[in-house]
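Participant: what follows is a predicted structure for the sequence shown.
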Amino acid sequence: MADSAVKLIAKIIDGKKFAEGLRASVAKDVADLKSNHDLTPGLAVVLVGDDAASQVYVRNKGEQTKAAGMNSFTFRLPDDASEDELLARVEELNNDAAVHGILVQLPLPTHMNADKVINAINPAKDVDGFHVINSGLLATGQDGMVPCTPLGCVMLIKDVLGNDLSGKRALVLGRSNIVGKPMAQLLLRENCTVTIAHSRTVDLADECKRADILVAAVGQAQMVKANWVKPGACVIDVGMNRIPAPERGTGKTRLVGDVDFEIVKNVAGSITPVPGGVGPMTIAVLLASTVRAAKRIHEID
């Protein structure tokens with residue numbers, strides 16, 4: 001067969017569809033908890049300030065929480081609220097029996113210490129999985145709450161490659177505490193051979209091209225090119241970047257990932273689009289984590 005007749009077109013991983021199925025499963029779990037245990041899981045979100053993107057995200061979380069049959073609590077503090085005020089609100093939620101999951105929306109104003117605030121959350125209610133105790137549990141292979149976006153990525157990878165990822169060579173591009181590091185830990189848990197790459201990595205493109213699974217979470221628009229990707233690799237794009245729209249002079253922007261999707265899709269075996277890939281999974285996994293937290297708190301199998 002001539003080379004020109006051989007062209008790999010990646011399977012587009014539909015995160016939106018997968019998330020819909022996950023939310024439906026969560027709704028069934030919630031209905032079961034209500035009917036068999038008289039328990040309604042509750043998720044509390046705390047938003048400080050008036051960041052437009054955060055407000056939209058928090059509103060979506062509230063709507064999807066209610067749609068799943070759960071209790072949704074949203075608390076808003078002004079941008080100039082003190083750190084002590086925020087910590088007091090977190091402590092109230094720690095002690096509220098109706099709340100099983102607590103999420104403090106990031107980023108916080110610069111006068112607040114995000115680590116201090118996150119570590120004030122009861123680890124059992126830390127559905128974001130950012131508390132230092134939950135991070136330690138993940139790093140040591142123990143059972144705890146896990147960050148939602150990396151967990152959603154693993155679900156999408158398994159949906160494409162199957163449940164057994166043993167021996168797969170995985171590369172995580174990015175080393176943040178929110179995505180990169182927990183993503184690497186989760187892939188290690190799946191018996192992958194894991195590399196974490198970043199801005200200081202030598203021969204970055206070559207490192208990426210060795211990976212059977214490439215997770216891009218570096219925050220650089222369309223950074224990953226086709227010659228960075230191993231033919232047939234599973235590419236998970238966590239990036240969310242705004243760039244100018246093609247129509248010059250309109251002032252409009254469009255959303256793109258860390259991967260140059262249009263060219264990489266001709267090399268990869270499977271790939272998540274942006275939007276519609278990893279993004280929808282984050283809230284769906286958050287709902288699932290809240291149900292899990294409620295079961296754990298009430299010692300329900």
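Facilitator: The structure has been received and is ready for your questions.
Participant: every contact and neighbour count from this point should use C-alpha atoms.
Facilitator: Noted.
Participant: mind listing what's buried along the top helix by length along the chain?
Facilitator: Secondary structure of the chain read by DSSP state H shows that its longest helix is helix 15-37. For helix 15-37, a neighbour-count test (16 or more other Cα atoms under 10 Å) marks 15-16, 18-19, 22-23, 26-27, 29-31, 33 as buried.
Participant: ok, now stretch 108-121?
Facilitator: Residues of stretch 108-121 classed as buried by neighbour count (16+ other Cα under 10 Å): 108-109, 112, 114, 117-121.
Participant: turn these into JSON lines, including distance to His131 and pLDDT.
Facilitator: Output for these, formatted as JSON lines (distance: Cα to Cα, whole Å; pLDDT from 0 to 100):
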{"residue": "Leu108", "distance to His131": "16", "pLDDT": "95"}
{"residue": "Pro109", "distance to His131": "19", "pLDDT": "95"}
{"residue": "Met112", "distance to His131": "16", "pLDDT": "97"}
{"residue": "Ala114", "distance to His131": "11", "pLDDT": "96"}
{"residue": "Val117", "distance to His131": "9", "pLDDT": "98"}
{"residue": "Ile118", "distance to His131": "6", "pLDDT": "98"}
{"residue": "Asn119", "distance to His131": "5", "pLDDT": "98"}
{"residue": "Ala120", "distance to His131": "8", "pLDDT": "98"}
{"residue": "Ile121", "distance to His131": "7", "pLDDT": "98"}
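Participant: filter the residues you listed down to just the ones in helices.
Facilitator: Using DSSP H, the members of the buried residues of stretch 108-121 that fall within helices are 114, 117-118.
Participant: out of these, which is nearest to Gly257?
Facilitator: If you rank these by distance to Gly257 using Cα to Cα, Ala114 comes first, at 25.6 Å.
Participant: spatially nearest residue to that closest one, not counting backbone neighbours?
Facilitator: With Cα to Cα, 6 or more residues apart in numbering as the measure, Leu108 is the residue that lies nearest to Ala114, at 6.5 Å, once sequence neighbours are left out.
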